[in-house]
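*Asks:* kindly return the folded structure for what I paste below:
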Amino acid sequence: MANIDSWEAFEDAFCQDLLPALGGKQKTEEFFLRLSHMLVEYMAKQQDRQTKVLDFHHPHHLKEMMSHCLGIPSEGVTLEQVLSDCKETMKYGVRTGHPRFFNQLSSGLDLISVAGEWLTATVNTNMFTYEIAPTFTLMEEIVINHMISKIGWSGGDGVLTPGGTISNLYAVLLARFKFDPKVKSDGVNLHQFIIFTSKQSHYSIEQAGAVSGIGMKNVISVECDARGKMIVECLEKHIIQAKALGKVPVMVNATASTTVLGAFDPFNDIADVCEKHGIWLHVDSAWGGGYLLSNDYRYKLAGVYRADSVTWNPHKLMGQTLQCSALLTKHLGLLKECNSIGATYLFQKDKQYDLDYDTGDKTIQCGRHNDIFKLWLTWRAKTIYFVGLKFNHFNFVIKYTFDMVMWGYEEQINQVHALSRYLLGRLKQAADFELVLDEPESTNVCFWYVPDSLRNMSHGVARDTILHRVAPKIKAAMMQAGTVMIGYQPLETKPNFFRYVCANPSATQSDIDFLLDEIRRLGKAEDIKGSYTSEQITK
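*Replies:* Predicted structure coming up:
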């Protein structure tokens with residue numbers, strides 16, 4: 001076969017030359033060998049710290065640079081151009097698996113998960129009935145039951161969804177249906193439902209209020225303490241006030257690791273209030289659910305078993321490829337009661353197998369992507385990892401022994417948490433950084449870089465106004481440099497600050513050191529230019 005780096009064989013080849021074309025197997029094999037080679041090279045290169053996290057260009061510039069390949073042509077392009085398109089797409093994309101990508105809750109690149117996603121795309125099946133997805137349906141049942149056991153329930157039900165936002169929407173639908181099943185047929189106007197969630201919870205709860213018909217104004221934000229935790233006394237006060245107005249408290253959403261500060265709400269205390277008032281308790285552990293797999297840190301979710309439903313995103317702390325989210329509930333059968341329509345062209349009652357395995361009728365989707373295989377495959381793989389092979393020569397007999405370390409999800413989660421503690425220690429020792437929280441609970445570490453020009457300035461509105469401009473200026477320079485990537489945001493009255501998050505086990509302490517050094521380098525350069533004080537902005 002020709003050089004795998006050469007695409008000459010595809011200069012005059014088109015998609016119709018691949019399978020199922022007669023004699024197309026060889027061309028298909030050669031095409032995918034080159035594509036897979038390109039992908040493996042990409043995977044390897046993004047582990048090289050000399051490789052940029054991103055090659056940033058403003059939208060209008062990127063459109064110009066890719067004008068030769070970005071549009072939809074009037075005639076199909078060659079397979080050589082298809083390979084070129086793939087290469088160029090990866091060139092200008094963000095390398096989220098790079099060990100210096102700290103920008104989002106989803107990071108890293110689990111290669112077993114990638115392998116699972118490749119197989120999933122190849123078999124290309126739906127998930128609504130057992131007859132179309134027999135093995136995947138069984139895998140989903142097994143994995144969901146495994147997750148249920150980690151929460152601490154003796155039984156329950158669940159479904160994989162297109163992300164935590166949809167999982168949280170499922171919880172709202174279940175909560176209102178559990179209160180009054182007639183809402184399924186008669187609508188939400190039967191009751192004036194109210195949802196309660198913390199001010200620092202994910203915005204998807206407010207979205208769920210809008211989508212479900214409950215209304216955004218009927219999603220009540222509950223005050224949080226200085227650490228970002230819901231204040232339970234305020235929650236109960238809001239519940240009592242809502243009841244006095246004739247409204248129906250239908251759900252309380254608690255959060256396991258909030259998006260910004262990484263706070264864990266007090267689940268046991270919230271559960272006491274919910275049980276007292278007869279309210280559905282949902283725990284959004286999209287980010288923090290992975291801590292259930294660590295014996296060292298699962299205490300952070302103490303009381304989560306008292307929830308009626310839980311959101312858990314393996315594509316976050318567990319490092320699965322996007323997308324992979326689960327909505328889990330302790331109420332067996334409720335998902336189907338709430339969501340089933342019974343379309344007879346799919347869910348016939350006279351099939352020859354157990355109809356409980358036709359899971360599509362308990363979802364709000366018809367077509368549903370197979371997100372289970374990669375998760376199932378990765379969970380099976382993350383047990384014992386062989387790291388070495390020794391050859392022992394004794395009396396002319398060669399003995400083979402393996403060095404082994406346990407490398408499962410527990411070790412992975414413990415490692416990324418330990419890395420956040422390393423960053424925390426470095427920040428506490430640095431005069432040019434200030435922490436938003438001295439002891440964050442999750443891997444989230446939030447901090448300010450304080451440039452020289454602000455170091456001796458008294459704390460107050462004037463200082464905050466200038467400090468508010470620091471993180472955006474550094475982030476803009478960081479995007480241009482492409483060397484590292486971290487997010488920033490304001491929070492209530494706090495000026496913009498950086499938020500470190502990481503679920504990537506390939507990140508190391510040296511990457512943390514580089515992050516801080518790069519923020520300093522870029523921050524000092526902007527300070528010298530006077531970028532922070534050259535203009536005023538409104539907080």
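*Asks:* what are the phi and psi values at Gly158?
*Replies:* Gly158 adopts backbone torsions of phi -180, psi 170, taken as degrees, to the nearest 10.
*Asks:* that one: neighbour count?
*Replies:* By the criterion of other Cβ atoms under 10 Å, Gly158 has 26 neighbours. To be clear about C-beta, it is placed using only N, CA and C from the backbone, and glycine gets the same treatment.
*Asks:* who are the contact partners of it?
*Replies:* Residues counted as contacts of Gly158 (Cβ atoms under 8 Å, 6 or more residues apart in numbering) are Ile144, Met147, Ile148, Ala326, Leu327, Leu328, Thr329, Leu335.
*Asks:* quick one: mean pLDDT for stretch 369-389?
*Replies:* For stretch 369-389, mean pLDDT is 81.
*Asks:* and stretch 68-86, by the same measure?
*Replies:* Confidence over stretch 68-86 (mean pLDDT, whole number) is 97.
*Asks:* contacts for it?
*Replies:* Residues outside stretch 68-86 that contact it (Cβ under 8 Å, 6+ apart): 7-8, 10-15, 17-18, 31, 34-35, 38, 63, 88.
*Asks:* in ChimeraX, how would I select just the buried ones from those residues?
*Replies:* Buried residues among those (16 or more other Cβ atoms under 10 Å), as a ChimeraX selection:
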select :7,10,13,14,17,18,31,34,38
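*Asks:* the contacts of stretch 68-86: which two are farthest apart?
*Replies:* Asp17 and Lys63 (30.9 Å; Cβ to Cβ).
*Asks:* tell me the one among the contacts of Gly158 nearest to Tyr92.
*Replies:* Distances from Tyr92 to the contacts of Gly158, taken by Cβ to Cβ, are shortest for Ala326, at 32.5 Å.
*Asks:* which residue sits closest to the residue nearest the centre of the chain, ignoring its sequence neighbours?
*Replies:* In the chain, the C-alpha nearest the mean C-alpha coordinate belongs to Lys316, at 3.4 Å (Cα atoms, centre = their mean). By the measure of Cβ to Cβ, 6 or more residues apart in numbering, the closest residue to Lys316 outside its immediate chain neighbours is Leu105, 4.7 Å from it.
*Asks:* please read off the pLDDT at that neighbour from the model.
*Replies:* On the pLDDT scale, Leu105 gets 97.
*Asks:* likewise for the one 10 residues further on?
*Replies:* With respect to pLDDT, Ala115 scores 98.
*Asks:* which strand or helix spans the closest residue in space to it that isn't next to it in sequence?
*Replies:* In this structure, Ala115 finds its nearest non-sequential neighbour in Leu377, 6.9 Å apart by Cβ to Cβ, 6+ apart. Here Leu377 sits within helix 372-381, counting by DSSP states H and E.
*Asks:* returning to what we had before: among the contacts of Gly158, which two are most distant?
*Replies:* Farthest apart among these by Cβ to Cβ are Met147 and Leu335. That separation is 14.5 Å.
*Asks:* more crowded one of the two?
*Replies:* Taking other Cβ under 10 Å, Met147 and Leu335 do not tie; Leu335 has more neighbours (26 against 22).
*Asks:* domain map for this protein?
*Replies:* Taking automatic domain parsing as the reference, the chain has its domains at 8-95, 410-529.
*Asks:* can you pull out the helices in the stretch 401-539 of the chain?
*Replies:* 409-429, 461-481, 509-529 (DSSP state H, counting those that start in this stretch).
*Asks:* just the stretch 1-150 of the chain next, same as before
*Replies:* With helices called from DSSP H, counting those that start in this stretch, the stretch 1-150 of the chain shows them at 25-45, 59-65, 79-91, 111-123, 134-151.
*Asks:* likewise the stretch 151-300 of the chain?
*Replies:* For the stretch 151-300 of the chain, helices defined by DSSP H, counting those that start in this stretch occupy the ranges 164-179, 183-186, 204-212, 232-244, 267-277.
*Asks:* show me what the last one is packed against.
*Replies:* The helices and strands touching helix 267-277, judged by 3 or more Cβ pairs under 8 Å, 6 or more residues apart in numbering; DSSP states H and E, are helix 232-244, strand 248-255, strand 280-285.
*Asks:* low-confidence ranges, the protein, go.
*Replies:* 1-2, 383-407, 534-539 (pLDDT under 70).
*Asks:* contacting residues for the closest residue to His277 other than its chain neighbours?
*Replies:* Leaving aside its sequence neighbours, His277 sits nearest to Ile239 (Cβ to Cβ, 6+ apart; 5.5 Å). Going by Cβ under 8 Å, 6+ apart, Ile239 touches Phe196, Pro249, Val273, His277, Ile279.
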